[in-house]
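Engineer: here's a sequence, model it:
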Amino acid sequence: MRVLIEASEAYRNVTGIGKFSRSLIAALGTHLDPIFSPTDYIQRHHDHRPRTPLSRVLHWSQHVWLTQAQVVWTAARTRPNLVHSLSFFAPALVRIPQTITLFDLAYFDLPHATDRYWGAYARRMMPLFAQRATAIFTTSDVMRRQISDRFAIPTARVHVVYGGVDARFRTTVDGDAQVLRHLRRRYMLPEHYLLYVGAWGAHKNLDILLESARLLNMPLVITGRPFSALETSLPDRARKWGVDAHFIGYVDDHELPQIYHGAIAVVLPSRYEGFGMPVIEAMACGVPIVIADIPVLREIAGDAAPAFSPDDPIALATILRQIATDPLIRAEWRARGLARAAQFTWEGAAERIVTVWRTLV
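Structural biologist: Reported below is the predicted structural model:
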């Protein structure tokens, strides 16, 4: 079976979608020898900058080239049995079986949170790609049902493939404490802190997290970088509200486990998610994770994470205070999280996808 993978998201995206794509590709390598488009994706580097009118045009033109024209050219040259797109966009002119990964429906569900023109393009093209795809993969059963409803596609054509946990996300071992001390100096981290890992979009609901940290008078560490004007103002809002917030930028995947290890708890306050990689990463590191009470995060976390209403900073602060002050509660969530995280493996994700591919080819 010769599979061509459109892999542009594996290097153009530094958030959860990019991490999912890179880890899945690595796991698929134990089952088959895929062809990639672009063939040198692993050597490529994408410069992530705040969007300007010029950068939007360049971003869109690069996207069309990578997800459409280059895939057609590579498929004609390599003659695969199947093409899989790791982005939301499948090649329209490829005439062999195609599968596609739809991580979420944010372009439809959060139209005001996406770029105006990019969102219009996505909302026009994604239904066409979804209808043409022989099979669709998504990352939660919640999204599976929503995709089926949105595009009028039988649920049998939509397959759930959960993300996994990379081996580096594990409880502390010898040497981790020394690495954490180094990272504390490098990033100027406080001794104890709450942690948020992810993007800064409005749907991530970070103002609720700032308000809870203020109520607790507890340091907060936030990774990532802004892209929109609203996101750029996040540090200013933190200062205005008197929150001891530390914005440390993007953290390399090899350093991120130690950043988790230093946290009292990890918080994912999102109003909208397709999966939520920090949930299982924090659990695998033995750190309590607190989630917003939304269907996708409840599906992924199971009974291994306390949940709060995403509109209630006081409820979040109450949960975090319990975790910070009660060792027994902290130990209970740690044990539950470790057991839950063990159920998510990249090997399992790869096996699920390859099984579906074999039925199609």
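
Engineer: touching, Tyr193 and Leu216? I think so.
Structural biologist: No: at 11.1 Å, Tyr193 and Leu216 do not qualify as touching, with contact defined as C-beta atoms under 8 Å. For the C-beta atoms, the positions are set from N, CA and C on the backbone; glycine is no exception.

Engineer: lowest-confidence helix or strand of this structure?
Structural biologist: helix 9-12 (a mean of 68; mean pLDDT, DSSP states H and E).

Engineer: what bridges to His246?
Structural biologist: Going by DSSP bridges, His246 is paired in beta bridges with Val221.

Engineer: okay, now it: neighbour count?
Structural biologist: A count of nearby residues for His246, using other C-beta atoms under 10 Å, gives 18.

Engineer: does it touch Pro190 like I think?
Structural biologist: Yes: here His246 lies in contact with Pro190, judged by C-beta under 8 Å, at a distance of 6.9 Å.

Engineer: identify the contacts common to those two.
Structural biologist: Here His246 and Pro190 share the contacting residues 219, 221, scored by C-beta atoms under 8 Å, 6 or more residues apart in numbering.

Engineer: please go through this protein and pick out the longest helix.
Structural biologist: Among the segments of the chain that qualify as a helix by DSSP state H, the longest is helix 116-132.

Engineer: on that earlier part again, next SSE downstream of the least confident helix or strand of the chain?
Structural biologist: Next along the chain after helix 9-12, taking DSSP states H and E as the criterion, comes helix 16-28.

Engineer: buried sites along that following helix?
Structural biologist: Buried residues in helix 16-28, defined by neighbour count with 16 or more other C-beta atoms under 10 Å: 16-25, 27-28.

Engineer: what's the end-to-end length of stretch 263-278?
Structural biologist: Looking at stretch 263-278, the gap from its leading to its trailing residue is 13 Å under the measure C-alpha to C-alpha, to the nearest Å.

Engineer: show me what the longest helix of the chain is packed up against.
Structural biologist: With contacts defined as 3 or more C-beta pairs under 8 Å, 6 or more residues apart in numbering; DSSP states H and E, the packing partners of helix 116-132 are helix 53-64, strand 98-101, helix 106-109, helix 141-151.

Engineer: which one of these has the lowest average pLDDT?
Structural biologist: Of all the helices and strands packed on helix 116-132, the minimum mean pLDDT falls on helix 53-64 (a mean of 72).

Engineer: got the contact list for the next helix-or-strand element following that helix?
Structural biologist: Using DSSP H and E, the helix or strand that directly follows helix 53-64 along the chain is helix 70-78. The list of residues contacting helix 70-78 from outside it, by C-beta under 8 Å, 6+ apart, reads 2, 4, 6, 35, 37-39, 83, 85, 91, 93-94, 96.

Engineer: in strands, which of these fall?
Structural biologist: In strands, judged by DSSP state E, the following of these are found: 4, 6, 35, 37, 83, 85.

Engineer: what's opposite the fourth one in the beta bridge?
Structural biologist: Taking DSSP bridges, one obtains Glu6 as the residues bridged to Ser37.

Engineer: the last one too?
Structural biologist: In this entry, Ser85 is beta-bridged to Glu6, Ile100, by DSSP bridges.

Engineer: got the contact list for it?
Structural biologist: Applying C-beta under 8 Å, 6+ apart, one finds that Ser85 lies in contact with 5-6, 67, 71, 91, 98-101, 129.

Engineer: do a quick rundown of the helices in the stretch 151-300 of the chain.
Structural biologist: Ranges of helices within the stretch 151-300 of the chain are 176-187, 206-216, 229-232, 234-240, 256-261, 277-284, 295-301, based on DSSP state H, counting those that start in this stretch.

Engineer: what comes up buried for the second one?
Structural biologist: When you say that, I think you mean helix 206-216. Of the residues in helix 206-216, those buried under the neighbour-count criterion (16+ other C-beta under 10 Å) are 206, 208-216.

Engineer: JSON lines for those residues, including distance to Ala284 and pLDDT?
Structural biologist: What follows is the buried residues of helix 206-216, written out as JSON lines (distance: C-beta to C-beta, whole Å; pLDDT from 0 to 100):
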{"residue": "Leu206", "distance to Ala284": "23", "pLDDT": "97"}
{"residue": "Ile208", "distance to Ala284": "25", "pLDDT": "97"}
{"residue": "Leu209", "distance to Ala284": "22", "pLDDT": "97"}
{"residue": "Leu210", "distance to Ala284": "27", "pLDDT": "97"}
{"residue": "Glu211", "distance to Ala284": "28", "pLDDT": "97"}
{"residue": "Ser212", "distance to Ala284": "24", "pLDDT": "97"}
{"residue": "Ala213", "distance to Ala284": "24", "pLDDT": "97"}
{"residue": "Arg214", "distance to Ala284": "29", "pLDDT": "96"}
{"residue": "Leu215", "distance to Ala284": "29", "pLDDT": "97"}
{"residue": "Leu216", "distance to Ala284": "25", "pLDDT": "96"}
